[in-house]
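Colleague: Build me a model:
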Amino acid sequence: MGKYASARNFGFGKQLAYAGREALRAYYADGHYGSVAAHSDRWNQFAHWAKAQGIRDLARVDQQATLERYAAHVASRVQDQAISVQYGQNLISTVNVTLAALRGDDRVRLSPAQAVGRRSQVRTQAPGSLDRARVSQAATALRAAGLGRAAAVLELARDFGVRREEAVKADLGRWSWEAERHGAVNVQDGTKGGRDAPRWVPMTDQGRETLASALATRPAGSPNLIAPHETYAQLAIARESELNRAREILQAHGLPGYHDARAAYACSRYQTLTGRASPVVSGQRPTATERESDRSARQVIAEELGHGRLDVVAAYIGGR
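Modeller: Residues are numbered from 1 along each chain as shown. From the prediction side, this is the model:
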């Protein structure tokens, strides 16, 4: 039990972020300042997520179930490549430590490696979203279910190769202007790590249809898919958010998630750039005479996906 009169959050305080920090200080006996600071920073992310789930007092909820739900959220962020596998594991480790500090025991915990998983560095299965008709069918089903913005995110990921957060936060009006002026759009909003280097993605006929549909779906008074009265977390992260409610429909259409559509974009671009199917689709690695065009295509795709390393592209289109 903590040092405060309130029983909320095991007596460490009414605010979850504050309670975790105080519990960590007590746990480390007011020492190990670097560890306390690092854990506190990562715990704040859990506290933010928990608030979006409507959780105010950890003592009054099933902590193991809550930890498992948070781990699923972290795993989805790793899959979307919003964060690295290592950082995802660190987030789970921090919750393990902080829950132990709050509870006074370590009976509630998860293995970080098992919870977050290890994303394969080389894709071995073609993305389901490569079938554009399947994507259209899933989008139609989402709109019929009143999940129009989830449909827009799916289609934007498929036709522009953007991450989920990038699709949600994209300034669609600016994209429309850039498409008309440059024949391409510059992905700047919601990027991983806040990267602001130019990232131009070419416009196609299908992309124009997708952008027009997203513009029609955009809430009134907003530059993107987030309504003026809501936050990104409410639309995309909270347990009952629109994007999470859409996952069942996506999976019913053979689409694992939004990231699958991003991989499909990469495979389609490879086909366009080289004139042949990507290795994960063809089942064959480039021949000696194809290696130069393969490398050139991977460089273009890496830039369009917002990656700084060429080797990461193998996770989308297969190995070299």
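
Colleague: Please count neighbours and contacts with C-alpha atoms only from this point.
Modeller: OK.

Colleague: Quick one: residues contacting residue 254.
Modeller: residue 128 (Cα atoms under 8 Å, 6 or more residues apart in numbering).

Colleague: domains for this protein, by residue range?
Modeller: According to automatic domain parsing, the chain comprises the domains 8-116, 128-263.

Colleague: could I get the ones you listed as TSV with mean pLDDT?
Modeller: Compiled in TSV, those are given as follows (pLDDT from 0 to 100):
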stretch	mean pLDDT
domain 8-116	88
domain 128-263	93
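
Colleague: Is it possible to get a markdown table of those that adds distance to residue 282?
Modeller: Listed next are the domains of the chain as a markdown table, based on distance: least, Cα to Cα, whole Å:
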| stretch | distance to residue 282 |
| --- | --- |
| domain 8-116 | 23 |
| domain 128-263 | 13 |
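
Colleague: Among the ones you listed, which comes closest to residue 320?
Modeller: domain 128-263 (16.0 Å; Cα to Cα).

Colleague: now that closest one, how far from the chain's geometric center?
Modeller: 12 Å (Cα atoms, centre = their mean, to the nearest Å).

Colleague: Likewise for stretch 49-68?
Modeller: 21 Å.

Colleague: Need the residues that contact that stretch.
Modeller: 8-10, 14-16, 70, 95, 108-110, 115, 233-234, 237-239.

Colleague: measure that stretch end to end?
Modeller: Stretch 49-68 has an end-to-end distance of 13 Å (Cα to Cα, to the nearest Å).

Colleague: quick one: buried residues of that stretch?
Modeller: For stretch 49-68, burial by neighbour count (16 or more other Cα atoms under 10 Å) applies to 49, 50, 51, 52, 53, 55, 56, 57, 58, 63, 67.

Colleague: out of those, who's nearest residue 198?
Modeller: When the buried residues of stretch 49-68 are ranked by distance to residue 198 (Cα to Cα), residue 49 comes first, at 30.4 Å.

Colleague: Quick check, pLDDT for residue 1.
Modeller: You'll see residue 1 listed with a pLDDT of 46.

Colleague: From the contacts of stretch 49-68, which land in helices?
Modeller: Cross-referencing the contacts of stretch 49-68 against helices under DSSP state H gives 16, 70, 95, 115.

Colleague: Counting neighbours, which of the residues you listed comes out on top?
Modeller: Using other Cα atoms under 10 Å as the neighbour criterion, residue 95 leads the ones in helices among the contacts of stretch 49-68 with 27 neighbours.

Colleague: That residue is in contact with residue 43, isn't it?
Modeller: Yes - using Cα atoms under 8 Å, residue 95 is in contact with residue 43, at 6.4 Å.

Colleague: Dump the ones in helices among the contacts of stretch 49-68 to a markdown table, plus distance to residue 88.
Modeller: Listed next are the ones in helices among the contacts of stretch 49-68 as a markdown table, based on distance: Cα to Cα, whole Å:
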| residue | distance to residue 88 |
| --- | --- |
| 16 | 20 |
| 70 | 11 |
| 95 | 11 |
| 115 | 9 |
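
Colleague: For residue 160, state which of those residues is nearest.
Modeller: Nearest to residue 160 out of the ones in helices among the contacts of stretch 49-68 is residue 70 (Cα to Cα; 28.6 Å).

Colleague: and the closest one, how far is that from residue 61?
Modeller: Counting by Cα to Cα - residue 70 and residue 61 are separated by 13 Å.

Colleague: list the residues that contact both of the two?
Modeller: By Cα under 8 Å, 6+ apart, no residue touches both residue 70 and residue 61.
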